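In: This is the structure alone, sequence omitted:
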């Protein structure tokens with residue numbers, strides 16, 4: 001089995017979308033991952049704010065990395081996001097999985113998305129944990 005803290009790095013190396021977003025891994029521990037990115041002009045909606053999918057995608061990446069860091073392949077089965085504040089081009093966002101609860105076949109995570117000290121989005125997700133080990 002691949003060591004848990006290496007799993008997010010392997011996942012990112014195979015994730016073209018997260019690479020396009022410019023996501024980088026800042027920290028990785030079992031059950032916890034912190035990722036970051038800078039919002040670009042092509043990520044803005046018609047009102048000049050980041051499209052809601054941008055903060056969602058950043059949080060979803062932190063979610064997936066944290067959930068899979070336990071060593072078993074896990075896939076999301078339910079997610080939701082609360083957009084708390086507008087996000088602009090040039091904003092540097094950090095998403096961190098702050099709550100990680102794993103049961104036998106399901107896991108629950110809460111991810112904060114921050115711009116500096118300010119929370120701009122909250123994400124909640126549930127995963128199904130398979131019996132397939134990361135290699």
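Out: Received, thanks. Because the structure is a prediction, the values reported are computed rather than measured.

In: Report the contact partners of residue 75.
Out: Contact analysis of residue 75 by Cβ atoms under 8 Å, 6 or more residues apart in numbering lists 127, 128, 130. In short, each C-beta sits where N, CA and C put it, glycine included.

In: Turn those residues into JSON lines, including distance to residue 70.
Out: Below are the contacts of residue 75 laid out as JSON lines (distance: Cβ to Cβ, whole Å):
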{"residue": "127", "distance to residue 70": "10"}
{"residue": "128", "distance to residue 70": "13"}
{"residue": "130", "distance to residue 70": "11"}
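
In: Just those residues: which are in strands?
Out: Among the contacts of residue 75, DSSP state E puts 127, 128, 130 in strands.

In: Can you classify the closest residue to residue 135 other than its chain neighbours as helix, strand or coil?
Out: Leaving aside its sequence neighbours, residue 135 sits nearest to residue 2 (Cβ to Cβ, 6 or more residues apart in numbering; 5.7 Å). Of the three states, residue 2 takes coil under DSSP: H, G, I helix; E, B strand; the rest coil.

In: Tell me where the protein has helices.
Out: Assigned by DSSP state H, the helices in the chain fall at 7-13, 16-21, 52-68.

In: hmm, back to that, please give me every residue in contact with the residue nearest to residue 135.
Out: For residue 2, the contact set (Cβ under 8 Å, 6+ apart) comprises 10, 71, 133, 134, 135.
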